[in-house]
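Trainee: structural data only, the sequence is not supplied:
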């Protein structure tokens, strides 16, 4: 039970830390520049997303929704330790950590910072990538 909890917490903490560090680095690289192309119309673009994702929520509601989601995830983890496994715990940790990284942006900056620009894809950040990767890992572990 303890290794699963440790995997969940480590993945979540790593997602938040790496996301926030990447935003600091991107901010320094893009200071005064709108876009830096790397290759094939891909690069870095500083975008402040005030909508906060698919649904525009005020910060107060975002904190409430995130707290409820965290509580549900916690109940899932506590209730399903044996069936969740290390992979599932890492996946869930990445999802929660990615959501927390974007929530930190909303609280500190009033908007989510996106900076990875890949051709036709909407600009995103590492927290978004952590949530998607975590959902894939979690779904693969539950199947």
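Mentor: That came through fine. Just so you know, these numbers come straight off a predicted model, no measurement behind them.
Trainee: any idea which helix or strand comes after the helix or strand bottoming out on mean pLDDT in the chain?
Mentor: None of the helices or strands of the chain scores lower by mean pLDDT, DSSP states H and E than helix 59-79, at a mean of 68. Counting by DSSP states H and E, the next helix or strand C-terminal to helix 59-79 is helix 81-109.
Trainee: can you point out the buried residues in that next one?
Mentor: By neighbour count on 16 or more other CB atoms under 10 Å, the buried set for helix 81-109 is 81, 84-85, 88-106. For glycine as for every other residue, the C-beta is placed from the backbone atoms N, C-alpha and C.
Trainee: now for it, which elements pack on it?
Mentor: Judged by 3 or more CB pairs under 8 Å, 6 or more residues apart in numbering; DSSP states H and E, the packing partners of helix 81-109 are helix 2-29, helix 59-79, strand 112-118, helix 126-142.
Trainee: most packed of those?
Mentor: Most buried of the helices and strands packed on helix 81-109, by mean neighbour count (mean count of other CB atoms under 10 Å): strand 112-118, with a mean of 21.
Trainee: quick one: contacts of that one?
Mentor: For strand 112-118, the surrounding residues in contact (CB atoms under 8 Å, 6 or more residues apart in numbering) are 22-23, 26-27, 30, 35, 42-49, 52-53, 102, 105-106, 122-129.
Trainee: for residue 33, the count of nearby residues, please.
Mentor: A count of neighbours around residue 33, defined by other CB atoms under 10 Å, yields 11.
Trainee: quick one: contacts for it?
Mentor: residue 46.
Trainee: cool, the one 5 residues further on as well?
Mentor: Contacts for residue 38 were tallied using CB under 8 Å, 6+ apart; they are residue 44.
Trainee: could you do residue 27 as well?
Mentor: Residues in contact with residue 27 (CB under 8 Å, 6+ apart) are 46, 113.
Trainee: please report the distance of it from residue 7.
Mentor: 31 Å (CB to CB, to the nearest Å).
Trainee: residue 32 now?
Mentor: Counting by CB to CB, the gap from residue 32 to residue 7 is 41 Å.
Trainee: quick one, grab the pLDDT at the residue nearest the centre of the chain.
Mentor: Taking CA atoms, centre = their mean as the criterion, residue 98 is the residue nearest the geometric centre of the chain, at 1.8 Å. pLDDT, residue 98: 92.
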